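Engineer: sequence plus the predicted model coming up.
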Amino acid sequence: MVIVGAGPCGLSAAIAAKARGLRYAILDRGCVTHSLTQYPYYMTFFSTAERLEIGGVPFSVPEPKPTRREALAYYRHVVRRHGLAVRQYEEATVVEREGGSPGEAALRWFLIHTRSTRPGAARTVPTASLRAQAVVIATGGFGEPNRLDLPGGSEPGRYPANVVHYYKEPYRYYDQDAVVVGGGNSAVETALDLHRNGVRVRMVHFADVFDRGVKPWVRPDIDNRLADGEIPIHWRSRVTHVDTVGGTVTIEDEDAGTSIERPADWVLAMTGWRPDRTLLKNLGVECDPETGIPAHDPATMETNVSGVYVAGVIAAGFNANKIFIENGREHGDLVVAAVARRRDETS
């Protein structure tokens, strides 16, 4: 079997496959747990350490909730502990069925084409291919950010360069004006971090309340900043224009139908991300147009295409808050049990 994605859920599937004696390969277009490297440097997880554990390896940290740095160290320790051979910086570009119809239950082969994503590799490293009887798509929910709906923003090269979708730390924004778009946990924590580090920050959110997913210990902090006027917020509003030359944004109040301009050297669009479903679509996996959820059996995680499975956040479609590491880590066992059962039935 080939597992596409070396996040915690993909690693869980590889560990289960190895324990069952299944031959496997695990690929990632980035490094091990690449998605975690995109998180803010000083982030603390909502989940406790034991709920992030995989492969029976204890996650021991001094505080109940681990930091990003501790999680990155832990999952690399898991890889070494289980001797997983992760093919880092190797992207699965195309997955093809070799004969048969999508829903056919008989065991078949898939051809997985890959390419190196290491800098400069496109000119020096040829593409490769793998054959497998099962493919597990565990590419997570960070495939593409939900971009702002701006004039010309969908055209190549027209999306404003000062609009940022991945926040790491506040120091590059010091003593400048920043607009944070969004009302979820990422937006709230970003706004607070900027405010505490000398950035003039305001928020814009399309709803009239913060999302329910905001961490409960963060809410008093942001509520007090708003009440004191330290962080202005525009409820029921959207950013409709970004002037990179003048350093301003246009904010439209959807209820009043009016617009105002405010200074903005940077726009931090903490508007969430969407999973990359390219491989699933090309294989014929059906996805709900409204939820983005791939058609699959929750008991086995097998999609409507026989031999193709999903694991982790990608199984949640557009709602990345539905599946976390703590429940997505269970998918690997379900997938491998189904693959092993089919192998035994056909052997």
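Structural biologist: On my side now, so go ahead.
Engineer: quick one, domains of the protein?
Structural biologist: Here the chain is described, according to automatic domain parsing, as comprising the domains 2-143+273-346, 147-269.
Engineer: now the shortest one: mean pLDDT?
Structural biologist: Averaging pLDDT along domain 147-269 yields 94.
Engineer: and the domains of the chain as TSV, adding mean neighbour count?
Structural biologist: No exception for glycine: its C-beta is placed from N, CA and C like everyone else's. Conversion of those to TSV gives the following (neighbours: other Cβ atoms under 10 Å):
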stretch	mean neighbour count
domain 2-143+273-346	18
domain 147-269	17
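Engineer: beta partners for residue 251?
Structural biologist: residue 239, residue 260 (DSSP bridges).
Engineer: pretty sure it contacts residue 236?
Structural biologist: No: in terms of Cβ atoms under 8 Å, residue 251 does not count as a neighbour of residue 236; the distance is 10.8 Å.
Engineer: all strands of the stretch 51-200 of the chain, in order?
Structural biologist: In the stretch 51-200 of the chain, the segments counted as strands under DSSP state E, counting those that start in this stretch are 86-87, 90-98, 109-116, 128-132, 135-137, 144-145, 163-164, 177-181, 200-204.
Engineer: tell me the helices and strands packed up against the helix or strand following the last one.
Structural biologist: Sequence order places helix 219-227 as the next helix or strand after strand 200-204, per DSSP states H and E. Using 3 or more Cβ pairs under 8 Å, 6 or more residues apart in numbering; DSSP states H and E as the contact definition, the elements that helix 219-227 packs against are helix 185-196.
Engineer: let's see it at 6 Å
Structural biologist: Packing contacts for helix 219-227, counted by 3 or more Cβ pairs under 6 Å, 6 or more residues apart in numbering; DSSP states H and E, involve no helix or strand.
Engineer: pull the residues that contact it.
Structural biologist: Contacting residues not belonging to helix 219-227 are listed as 188, 192, 231, 233 [Cβ atoms under 6 Å, 6 or more residues apart in numbering].
Engineer: mind listing what the second one touches?
Structural biologist: Going back to what we said before, that points to residue 192. residue 221.
Engineer: quick one: it and residue 180, what's the gap?
Structural biologist: When distance is defined by Cβ to Cβ, to the nearest Å, residue 192 is 10 Å away from residue 180.
Engineer: the last one now?
Structural biologist: Between residue 233 and residue 180 the distance is 9 Å, computed by Cβ to Cβ.
Engineer: what touches both of those two?
Structural biologist: Common neighbours of residue 233 and residue 180 are listed as residue 203 (criterion: Cβ under 6 Å, 6+ apart).
Engineer: and the gap between the nearest residue to residue 265 once chain neighbours are set aside and residue 196?
Structural biologist: Taking Cβ to Cβ, 6 or more residues apart in numbering as the measure, residue 265 lies nearest to residue 176, with 4.1 Å between them; neighbours along the chain are not counted. The span separating residue 176 from residue 196 equals 15 Å under the rule Cβ to Cβ.
Engineer: thanks again, I'm all set now.
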